[in-house]
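1. Need coordinates for the below:
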Amino acid sequence: MKSILWRIALACISAGLLFLSLPNPDQDRLAWIAIVPLIAACRGLGPLSASLIGLIYGMIAHALVFSWILTVPGFRWVHFGLLACYFGLYPALWCGSMALFRRMSLLSVIVGPALWVSLDFIRAHAGFLAFPWGNLAYTQHQNLPLLQIMTLTGEYGVTFLLVMANMAIYELISNRAWRSALVVLALILATWSWGCYEMNKTHAPGQTIQVAVVQPSILLSERKTAAGRLASLERLEHLTRKAARQKPDFIVWPETALRGFPNEPNQAERIINLVQIVQTPLLLGTSEYEKYSLPVDPGEPVAKFGTRSYNSAYLVLPDGTLSPSYRKRLLVPFAEYLPGQPWFKWPSWIVDKSFHITAGEKPGYFFPQKDFKISPIICWENLFPGFVRPLVQNGAHVVVQLTNDNHFGRSAAPRQHNIASQLRAIENRTPVIVASNTGPSVIFDAWGRSVARIDAVFTAGTSNALITKGSGGTKYSHYGDFFAGFCIAITLLGFCWIGFHDRIASWRHSAGGRGQTRENN
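-> The predicted model follows:
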């Protein structure tokens, strides 16, 4: 019993270290030792027992990291428990599989990181269960030289190095494996040094642009009344005029800054007049509603109509023209749509209402100037590297993320959310602008540096910065997750070796048994 409790305590320590390494309190150095207690907790256990320890670790770690989700209206404790159990499955698989690999004496400092990356990749591509938020790479968002490796490997390269360091530290403590520890240390230092070189070398001068972000801090209570919506629009207008004094090339409003644009004539006229006065293109987010015809029976004399809603973005130009809309393509399951509809009915204890937001069908590209191409993304679309990468491949000079983290209050969630945009900027060497309703709003340059920000949450303000346009992407932009594929290949080879070893052992056992029988005869 003492041994079990001690192992559980070690798993809890690992969970706590992971939580402490993310915002807040953002102690990134702890990530380099966060998994060591978990590895120690699983030492000597079989696959099933190790999986249970991993499940405990995963549930506690994600319950701590995602504790902010309880502030979301309608999110209950039962949902929180389901979420923790689901995310706990990935560490459980890692710990159980590592128990098998250790039994085969496979090189843990290579197989362990490869397996972790493989599971992270699966989590990011798990259909409506995909949620790549708070990965290990997020812990290093302040360690910019290390993050530059993502131009080759994506965020999975940083995760690989972190897990490798944890494995090497454990082997050094338990088995005095100095050689492997020194090799891992040399690899990390080489990666960090290369990142320093990349950040400090002289680059060919690119075209610079001045951008401005408006953070209006529109409260949920304001959205519910006509007076509140009018007050928020007046605040947006005031902040936009203030931002325009710096003569930016374009101004950005956050996700759902408006409601009903451009179909409400008075509101649309007011926005167009504002843009014509400030003579600056305006990129804005809106909750858009569109009527469509319903099929009717031949005998019915009156046509029927339905309404579709979209989470959209528009670019308004100073000459009064309006771009085609970009409509959010990756909707949040159980918040913006119900998976499996209309073929599957979810029980009421999981979800007790339906959702009617419609997903967009194609990426959007806006042109504030003829030679300047912006690609907008909305809310959690920034979490998915494979979603942002094609935008840069198709020539986007800047990616603009419109978001509204109002529901998360003053928790760590908005800061964690912004890290994903920072990682996307580095992966593609393309600036990413985060326009947040309640903050923090940030402008990241192509190296992931925060060149301007409104750091306070629930504070209205503006921010301006001069940034260099992206110049076509990186190796990662063009070749994608080849490194993750390499890690998956290593993992599969490990499992194949286990199967091959077991077959050989079984064959030897049966051959030995037949030989013993002949001798007895």
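
2. Could you use CA atoms for every contact and neighbour count after this?
-> OK.

3. Low-confidence ranges, the chain, go.
-> Counting by pLDDT under 70, the chain has low-confidence residues at 1-2, 103-106, 291-306, 353-355, 500-521.

4. As a check, name the ranges of all strands in it.
-> Remark: strands of the chain, listed N- to C-terminal, are 208-215, 250-252, 258-259, 282-294, 304-316, 326-327, 366-369, 372-378, 398-403, 432-436, 441-444, 450-454, 461-468; assignment by DSSP state E.

5. Mean neighbour count, those strands: which tops it?
-> Mean neighbour count, computed with mean count of other CA atoms under 10 Å, is highest for strand 432-436 among the strands of the chain, reaching a mean of 31.

6. For that strand, which helices and strands make contact with it?
-> Contact here means 3 or more CA pairs under 8 Å, 6 or more residues apart in numbering; DSSP states H and E; on that basis strand 432-436 packs against strand 208-215, strand 398-403, helix 413-428, strand 441-444.

7. got the CA coordinates for that strand in CSV?
-> These are the backbone C-alpha positions of strand 432-436, laid out as CSV (Å, rounded to 0.1, in the frame of the first residue of the first chain):
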residue,chain,number,x,y,z
VAL,A,432,0.5,36.8,-36.3
ILE,A,433,-1.7,39.6,-34.9
VAL,A,434,-4.0,38.6,-32.0
ALA,A,435,-7.0,40.9,-31.7
SER,A,436,-8.8,40.0,-28.5
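
8. ok, that strand: who's next to it in the sheet?
-> Next to strand 432-436 in the sheet, as set by DSSP bridges, lie strand 398-403 (parallel), strand 441-444 (antiparallel).

9. so which of these gets nearest residue 479?
-> When the strands paired with strand 432-436 are compared by CA to CA, strand 398-403 sits nearest residue 479, at 19.0 Å.

10. what does that closest one rub up against?
-> Counting by CA atoms under 8 Å, 6 or more residues apart in numbering, the neighbours of strand 398-403 from elsewhere in the structure are 253-255, 285, 373-380, 382, 421, 430-437, 469-470.

11. hmm, try it at 6 Å
-> By CA atoms under 6 Å, 6 or more residues apart in numbering, the surrounding residues in contact with strand 398-403 are 254-255, 374-379, 430-436.

12. and what of stretch 190-199?
-> Contacts made with stretch 190-199 from outside it, assessed by CA under 6 Å, 6+ apart, are listed as 145-146, 148.

13. and with 10 Å instead?
-> When contacts are taken as CA atoms under 10 Å, 6 or more residues apart in numbering, the neighbours of stretch 190-199 outside the stretch itself are 143-150, 158, 161, 184-189, 200, 446-449.

14. Tell me how far it lies from the chain's centre.
-> If you compare the mean C-alpha spot of stretch 190-199 with that of the full chain, they lie 24 Å apart, counting by CA atoms, centre = their mean, to the nearest Å.

15. List the buried residues in that stretch.
-> If you call a residue buried by 16 or more other CA atoms under 10 Å, then stretch 190-199 has these buried ones: 191-192, 194-196, 199.

16. Next: stretch 131-146.
-> Buried residues in stretch 131-146, counted by 16+ other CA under 10 Å: 131-141, 144-146.

17. So residue 452 sits against residue 435, correct?
-> No. With contacts counted by CA atoms under 10 Å, residue 452 stays clear of residue 435, the gap being 11.5 Å.

18. anything in contact with each of these two?
-> Shared between the contact lists of residue 452 and residue 435 (criterion: CA under 10 Å, 6+ apart) are residues 212-213, 441-443, 462-463.

19. neighbours around the nearest residue to residue 320 once chain neighbours are set aside, how many?
-> For residue 320, the nearest residue in space outside its immediate sequence neighbours is residue 272; the separation is 5.6 Å by CA to CA, 6 or more residues apart in numbering. Each residue near residue 272 was counted by other CA atoms under 10 Å, and the total is 19.

20. cool, and the one 5 residues further on?
-> Residues lying near residue 277 (other CA under 10 Å) number 12.

21. What's the separation between it and residue 96?
-> According to CA to CA, to the nearest Å, residue 277 stands 63 Å off from residue 96.

22. In helices only, show me the buried residues of stretch 190-199.
-> 191-192, 194-196, 199 (DSSP state H).

23. how about CSV for those, with distance to residue 404 added?
-> Rendered in CSV, the data for these read as follows (distance: CA to CA, whole Å):
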residue, distance to residue 404
191, 35
192, 34
194, 36
195, 32
196, 34
199, 31
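
24. Mind checking which of the contacts of stretch 190-199 land in helices?
-> 144-147, 150, 158, 161, 184-189, 200.

25. Looking at the residues you listed, which is nearest residue 107?
-> Looking across those and measuring by CA to CA, the closest to residue 107 is residue 184, at 12.8 Å.

26. residues in contact with the residue nearest to residue 273 when sequence neighbours are not counted?
-> In space, residue 273 comes closest to residue 320 once its chain neighbours are excluded; the distance is 7.8 Å by CA to CA, 6+ apart. For residue 320, the contact set (CA under 10 Å, 6+ apart) comprises 269, 271-276, 279, 281.

27. repeat for residue 368
-> Residue 368 neighbours (CA under 10 Å, 6+ apart): 249-251, 280-283, 315-318, 323, 374.

28. and what of residue 483?
-> Shown in contact with residue 483 (CA under 10 Å, 6+ apart): 114, 117-118, 152-157, 160, 476, 489.

29. Please convert the buried members of the residues you listed into PyMOL selection syntax.
-> PyMOL command restricting the contacts of residue 483 to the buried ones, with burial defined by 16+ other CA under 10 Å:
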select buried, resi 114+117+118+152+153+154+155+156+157+160+476
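
30. Show me which of the contacts of residue 320 are buried.
-> Among those, those classed as buried by 16+ other CA under 10 Å are 271-272, 274-276, 279, 281.

31. can the residues you listed go into TSV with extra columns for distance to residue 244?
-> Listed next are the buried ones among the contacts of residue 320 as TSV, based on distance: CA to CA, whole Å:
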residue	distance to residue 244
271	14
272	15
274	11
275	10
276	11
279	8
281	10
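
32. So which of these are in helices?
-> Among the buried ones among the contacts of residue 320, the members falling in helices (DSSP H) are 271-272, 274-276.

33. so which pair among those residues is furthest apart in space?
-> Within these, 271 and 276 form the most distant pair, 8.7 Å apart (CA to CA).

34. Now do the shared contacts for these two.
-> Residues within reach of residue 271 and of residue 276 at once, by CA under 10 Å, 6+ apart, are 316, 320.

35. thinking again about what came up before, just put the contacts of residue 483 in a markdown table and tack on distance to residue 391.
-> Converted to a markdown table, the contacts of residue 483 look like this (distance: CA to CA, whole Å):
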| residue | distance to residue 391 |
| --- | --- |
| 114 | 28 |
| 117 | 24 |
| 118 | 24 |
| 152 | 17 |
| 153 | 18 |
| 154 | 15 |
| 155 | 18 |
| 156 | 20 |
| 157 | 21 |
| 160 | 26 |
| 476 | 13 |
| 489 | 27 |
